[in-house]
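**Q** When you get a sec, could you give me coordinates for this:
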Amino acid sequence: MAATAPVFAALGGDAASVDADRVRMKATHRMIAGSTYSVQEIQTPAGTTIREYVSPAGKVFGVVWQGPQMPDLRQLFGDYFGTYQDAAKAKRTSRGALRVVQPDIVVHSGGHMRAFFGRAYVPQLVPTGVSIDDIK
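**A** Numbering: from 1, shown residues only. Below is the predicted model:
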């Protein structure tokens, strides 16, 4: 029997897997409903909080993380991970915060041991009337 990493509702994907993620991670979950989007929040036992921003169409358009452990960005970014990884490799010249701005994904990430944070979103999926500043 092989162990697998928890699977998050990835950027661009639907939010149906959030509850399964909560169960696998033994994490707490809460949903905050809004008029133009909802936020699915997962808190891991280690203290990392991951918020997934979901459009009325059920698509994840943004994710935010904060806590003592860095989440698995491959899982969070889904199909956008390759674009992020290529851009990050090209930009990375030193340690410190990383900012990647591509037409199909924007990522701000930083922190240090036990204090990681970040935000990523897909500009084309952000619902009309939602400000990028709302993804926090």
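**Q** Tell me which stretches of this structure form helices.
**A** Taking DSSP state H as the test, the helices found in the chain are 18-25, 73-77, 81-91.
**Q** got the buried residues for the second one?
**A** If I follow you right, that is helix 73-77. The neighbour-count criterion (16 or more other CB atoms under 10 Å) identifies 73, 75-77 as the buried residues of helix 73-77. Glycine gets a C-beta too; all of them are placed from N, C-alpha and C.
**Q** coming back round to it: weakest of the helices of the chain by average pLDDT?
**A** For the helices of the chain, the weakest mean pLDDT is recorded on helix 18-25, namely a mean of 63.
**Q** just to revisit the earlier point, any idea which of the buried residues of helix 73-77 is closest to V122?
**A** F77 (9.3 Å; CB to CB).
**Q** Can you give me every residue that contacts the closest one?
**A** Residues in contact with F77 (CB atoms under 8 Å, 6 or more residues apart in numbering) are 10-11, 63, 84, 105, 107, 120.
**Q** Tell me what the residue nearest to the spatial centre of the chain is bridged to.
**A** The centre of the chain sits closest to V63, judged by CA atoms, centre = their mean, with a distance of 2.8 Å. For V63, the beta-bridge partners are E52, A120 (DSSP bridges).
**Q** Roughly how far does it sit from R95?
**A** 23 Å (CB to CB, to the nearest Å).
**Q** Also P103?
**A** 27 Å.
**Q** got it, and F81?
**A** From F81 to R95 the distance is 21 Å (CB to CB).
**Q** Who has more neighbours out of these two?
**A** For F81 versus R95, the count of surrounding residues by other CB atoms under 10 Å is larger for F81: 17 against 8.
**Q** my guess is the more buried one contacts R74, does it?
**A** Yes - counting by CB atoms under 8 Å, F81 touches R74, with 4.8 Å between them.
**Q** and the gap between P71 and A10?
**A** From P71 to A10 the distance is 11 Å (CB to CB).
**Q** Sorry, wrong one. I was asking about A90.
**A** Counting by CB to CB, the gap from A90 to A10 is 22 Å.
**Q** before we move on, what about V101?
**A** Counting by CB to CB, the gap from V101 to A10 is 20 Å.
**Q** Comparing the two, which residue is more hemmed in?
**A** Neighbour comparison, V101 and A10: the larger count goes to A10, with 19 against 11 (by other CB under 10 Å).
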